[in-house]
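In: Pasted the sequence and its predicted model underneath.
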Amino acid sequence: MSRFRKFIVGILGLIVGLILSILIVKMQGKSPLEVYKALFGYSLGSLLSIISTLNAATPLILTGLSAAMAWDAGAINLGQPGQFLIGAITAALLGIYLPFPVWISIPLILIGAAAAGALWSGLAAFFRQKYNMDEFVSTLMLNFIAEYFTTYLVTYPFLDPKAYVASTTAIRKAFTLATPDQFNKGIYLAVLVAIFTWWIVKRWGIGYEWHMIGLNQRFAAVGGCKTERDYSLAMLYSGALSGLAGGILILGGTQHRFMKGIGGNFGWDGVMLAMIANNDVIMTVIFAFFFGALKAGGIGMEFDTSVPSEFILVIEAIIVISVVATRATIDLYGGKLKALVKTRRVVKNS
Amino acid sequence: MNFFAVLLKESINSATPILLAALGGAFTYYANVFNIAMEGMMLTGAYFGVIGSYFFGSWAIGLLFAIISSIILSTLFSFFAVYLHSDEFVTGIAINMLALGGTTYLLRSTFHVKGAFISSKIISIPSWKIPFLDHIPLLGKVISGYSAIVYIGFLLAIIVDIVIFHTSFGLRLRATGEEEVATRSLGINPLTVKFISAVLSGLFCGIAGAFLSLGYINLFSENMSNGRGWISLTIIILVKARPLGILLLSLLFGFFGALGVMLQNSSIPPQFTSMAPYIATLFALYVYSKQKRKGSL
């Protein structure tokens, strides 16, 4: 599908999703106008709102690309939530204990977070390569294991006894990437990584091979792609992106520490982004900003209209379903129409 | 009660939702529908089970609500995946997200609580004491006194086996999964068969959800299905959806789940004991993949 068509399908699905969510708001007896005014005001209405939109978009860009890159290569990595958590806990611990100066520590922490994420997805890739275990199930199971494991780490060995929830102590002040008005400078890195990813996909041999393998693994193998190596690299790169997302959230977020339940839904949001964008890098980034705006607006919406911010999760899921359904409908009926036109032409000519 | 009796009882209880969902998934497996929306259907069933039970003061209405809501979700899934030919995988995950987001949102907007909703007004599904057997010491404690759904679940394992392998509907179902075009030539609409299989899986997942929130414990908490749908899916793949194999493996996974619960009071941190079912799933997948490779050589 051309990018233009992908974009149109995305926008169509988006419109359907927004209309459906208006109906749901109406059904709950709230005013849709107020809800959308609040959503808009708290996501784009002021400098502070724009900052919180960008902050929410930062991890989303990375987890979205993580899902998109793996799936594009035919690796069904659904482990973004787990890889995100493992990256985040690594960043939090390095941030507490690294004794080096700032200019070397921050890159080390971020590399560490990405490496930890890659390790977690690499585990699933190893299972697949060595034992032929489906990565789709193993990454899901590793999500649960990561969740319990990180909860254990912050409940027992690294618990901050002064905190009121299970969490580590805060990272060293100097390592934080947030400006005084809470802007997460990590977004520069996220965008850089997105550009780099786009470059890989467009210009590098491996990016081409990934895409070919995703389209048809056997054909790619016959054509000379090293499918096993490429598969592992795709999984590792995907995991590294999710891990990095966790690391940036720790360094640049508002908590500066790993606490139970941190990052909320960022992993699964990334999965949804890749679905809407149909694994396209640029579309994933665009929709990451849109989802970021929804998230930022959702918190404000709860203040103003008492519609719980969880409503954003519903809107997101509805958008995903409408985009996927719109795409399928266009493919189905578009294909039928094309076939009809073609047969007509053939019949006429004969 | 003695430790092993409790462990056994606990195992059967925690096996039940997995068993029910996997039995439902068996229908879609044989119809060749890749149904990964079971997790979401179960969660939705659990939520609406509580809604029905709380507002109408009856567990039967709770169960009915659970089943209806889960079937609605499965209809939605099959509308997209079967009739519109959208990607089953992507649609299934989106449905799961909708269930997770939707129940979390409804939990807050209806009951104004975050995390979990507990109330004495949630009427639970009664437990059955089997006459006579109940009075046998030890054995009675292990066999008798479960929620009605547990017995139904075991019974359904046998019924599903009969339906899939010994009825004309089962034959059509399997034929659709094997060779869609051939079944069409026999005058069976494969889309209808697939749709029915999805609805059946919704029905079973709804019962599983009701058991979660009304049978075993009496509350609803965010994401309370907690991966059980995924484990069910793994079981289906592992035993190629043979209902009796599903029964056995569910009991095994139930055992690991129970072990996690039972060891919570020991010196092992609870987070590690809670990992047990997921590690067991990985291990089962490992054994399965190893055998499969041996078979292919």
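Out: All right, it came through fine. Residues are numbered from 1 along each chain as shown, chains lettered A, B, ... in the order given.

In: List the buried residues of stretch A:24-34.
Out: If you call a residue buried by 16 or more other Cβ atoms under 10 Å in any protein chain shown, then stretch A:24-34 has these buried ones: A:24-25, A:30, A:32. (Each C-beta comes from the backbone N, C-alpha and C, glycine too.)

In: Can you add distance to A:Val346 and secondary structure and give these back as CSV?
Out: Listed next are these as CSV, based on distance: Cβ to Cβ, whole Å; DSSP: H, G, I helix; E, B strand; the rest coil:
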residue, distance to A:Val346, secondary structure
A:Ile24, 47, helix
A:Val25, 50, helix
A:Lys30, 55, coil
A:Pro32, 50, helix
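
In: Format these as JSON lines; extra columns: pLDDT and distance to chain B.
Out: Shown next, in JSON lines, are these (pLDDT from 0 to 100; distance: Cβ to the nearest Cβ, whole Å):
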{"residue": "A:Ile24", "pLDDT": "86", "distance to chain B": "9"}
{"residue": "A:Val25", "pLDDT": "85", "distance to chain B": "11"}
{"residue": "A:Lys30", "pLDDT": "82", "distance to chain B": "9"}
{"residue": "A:Pro32", "pLDDT": "86", "distance to chain B": "15"}
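
In: tell me the contacts of residue 164?
Out: If you meant another chain, say so; for now it's chain A. If a contact means Cβ atoms under 8 Å, 6 or more residues apart in numbering or on different chains, then A:Tyr164 has no contacts.

In: Not quite, go with chain B.
Out: Counted by Cβ under 8 Å, 6+ apart, B:Ile164 has contacts B:26-27, B:30, B:170, B:173-174, B:243.

In: And for B:Ile118?
Out: Counting by Cβ under 8 Å, 6+ apart, B:Ile118 has contacts B:218-219.

In: What's the per-residue pLDDT of it here?
Out: We have a pLDDT of 91 for B:Ile118.

In: Name the nearest residue to whichever residue of the stretch 1-150 of chain B sits closest to chain A, sequence neighbours excluded.
Out: As assessed by Cβ to the nearest Cβ, chain A sits closest to B:Gly101 within the stretch 1-150 of chain B, at 2.8 Å. Leaving out its chain neighbours, the residue that sits closest to B:Gly101 by Cβ to Cβ, 6 or more residues apart in numbering or on different chains is A:Leu313, at 2.8 Å.

In: Quick one: classify the one you found as helix, strand or coil.
Out: Under DSSP: H, G, I helix; E, B strand; the rest coil, A:Leu313 falls in the helix class.

In: Quick check, it in contact with B:Leu107.
Out: No. The criterion here is Cβ atoms under 8 Å, and A:Leu313 misses it with B:Leu107 at 11.6 Å.

In: Overlap of the contact sets of the two?
Out: Common contacts of A:Leu313 and B:Leu107 (Cβ under 8 Å, 6+ apart): none found.

In: where are the low-confidence patches of the chain?
Out: Defaulting to chain A. Within chain A, the segments meeting pLDDT under 70 span A:1-3, A:350.

In: ah, I was thinking of chain B
Out: B:1, B:293-297.

In: export the contacts of B:Ile164 to JSON lines and tack on secondary structure?
Out: Putting the contacts of B:Ile164 into JSON lines (three-state DSSP) gives the following:
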{"residue": "B:Ala26", "secondary structure": "helix"}
{"residue": "B:Phe27", "secondary structure": "helix"}
{"residue": "B:Tyr30", "secondary structure": "helix"}
{"residue": "B:Gly170", "secondary structure": "helix"}
{"residue": "B:Leu173", "secondary structure": "helix"}
{"residue": "B:Arg174", "secondary structure": "helix"}
{"residue": "B:Pro243", "secondary structure": "helix"}
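
In: Using neighbour counts, trim those residues to the buried set.
Out: B:26-27, B:30, B:170, B:173-174, B:243.

In: and which of those is nearest to B:Asn226?
Out: Checking the buried ones among the contacts of B:Ile164 against B:Asn226 with Cβ to Cβ, the nearest one is B:Ala26 at 21.7 Å.

In: Looking at A:Leu313 and B:Leu107 now, which is surrounded by more residues?
Out: Neighbours were tallied for A:Leu313 and for B:Leu107 using other Cβ atoms under 10 Å in any protein chain shown; the higher tally belongs to A:Leu313 (26 against 23).

In: neighbours of the residue in the stretch 51-200 of chain A positioned nearest to chain B, just the number please.
Out: Taking Cβ to the nearest Cβ, chain B has its nearest neighbour within the stretch 51-200 of chain A at A:Tyr152, 3.7 Å off. For A:Tyr152, the neighbour count with other Cβ under 10 Å is 18.

In: C-terminal to the host helix or strand of it, what's the next element?
Out: According to DSSP states H and E, A:Tyr152 maps onto helix A:135-155. For helix A:135-155, the succeeding helix or strand toward the C-terminus, using DSSP H and E, is helix A:186-203.

In: ok, residues contacting that next one?
Out: For helix A:186-203, the surrounding residues in contact (Cβ under 8 Å, 6+ apart) are A:54-55, A:57-59, A:61-62, A:65, A:69, A:72, A:110, A:177, A:206-207, A:210-211, A:241, A:244-245, A:248-249, A:251-252, A:281-282, A:284-285.

In: Those residues of the stretch 101-250 of chain B touching chain A, which are they?
Out: Residues of the stretch 101-250 of chain B lying near chain A by Cβ under 8 Å from any Cβ of the partner chain: B:101-102, B:104-105, B:107-109, B:226-227, B:230, B:233-234, B:237.

In: In helices only, show me these.
Out: Residues of those located in helices (DSSP state H): B:101-102, B:104-105, B:107-109, B:230, B:233-234, B:237.

In: The residue of the stretch 51-200 of chain A closest to chain B: what's it in contact with?
Out: By Cβ under 8 Å, 6+ apart, the contact list for A:Tyr152 reads B:269, B:271-272.

In: could you redo the last one with a cut-off of 10 Å?
Out: A:158, A:166, B:269-272, B:274-275 (Cβ atoms under 10 Å, 6 or more residues apart in numbering or on different chains).

In: Buried among these? Make that a PyMOL selection.
Out: Applying 16+ other Cβ under 10 Å to the contacts of A:Tyr152 leaves a buried subset, and the PyMOL line that selects it is:
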select buried, (chain A and resi 158+166) or (chain B and resi 269+270+271+274+275)
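
In: can you put the contacts of A:Tyr152 in CSV and add secondary structure and distance to B:Ile149?
Out: As requested, the contacts of A:Tyr152 are arranged in CSV below (DSSP: H, G, I helix; E, B strand; the rest coil; distance: Cβ to Cβ, whole Å):
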residue, secondary structure, distance to B:Ile149
A:Phe158, coil, 41
A:Ala166, coil, 34
B:Pro269, coil, 32
B:Pro270, helix, 27
B:Gln271, helix, 29
B:Phe272, helix, 30
B:Ser274, helix, 23
B:Met275, coil, 27
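
In: Show me which of the contacts of A:Tyr152 is closest to A:Asn349.
Out: Of all these, B:Met275 has the smallest distance to A:Asn349: 66.3 Å, by Cβ to Cβ.

In: Can you tell me, leaving aside adjacent residues, what's nearest to the closest one?
Out: With Cβ to Cβ, 6+ apart as the criterion, B:Met275 has its nearest non-adjacent residue at 4.9 Å, and that residue is A:Tyr148.

In: got a list of what that neighbour touches?
Out: For A:Tyr148, the contact set (Cβ under 10 Å, 6+ apart) comprises B:260, B:269-276, B:278-279.

In: Find the closest residue to chain B in the stretch 251-350 of chain A.
Out: For the stretch 251-350 of chain A and chain B, the shortest gap (Cβ to the nearest Cβ) falls at A:Leu313, measuring 2.8 Å.

In: In contact with that residue, which residues?
Out: So A:Leu313 contacts A:264-265, A:268-269, A:272, A:294-295, A:298, B:97-98, B:100-105 (Cβ under 10 Å, 6+ apart).

In: swap the cut-off to 7 Å and go again
Out: In this structure, A:Leu313 makes contact with A:265, B:100-101, B:104-105, judged by Cβ atoms under 7 Å, 6 or more residues apart in numbering or on different chains.

In: how far does stretch A:268-285 stretch from start to finish?
Out: Counting by Cα to Cα, to the nearest Å, you get 15 Å between the two ends of stretch A:268-285.
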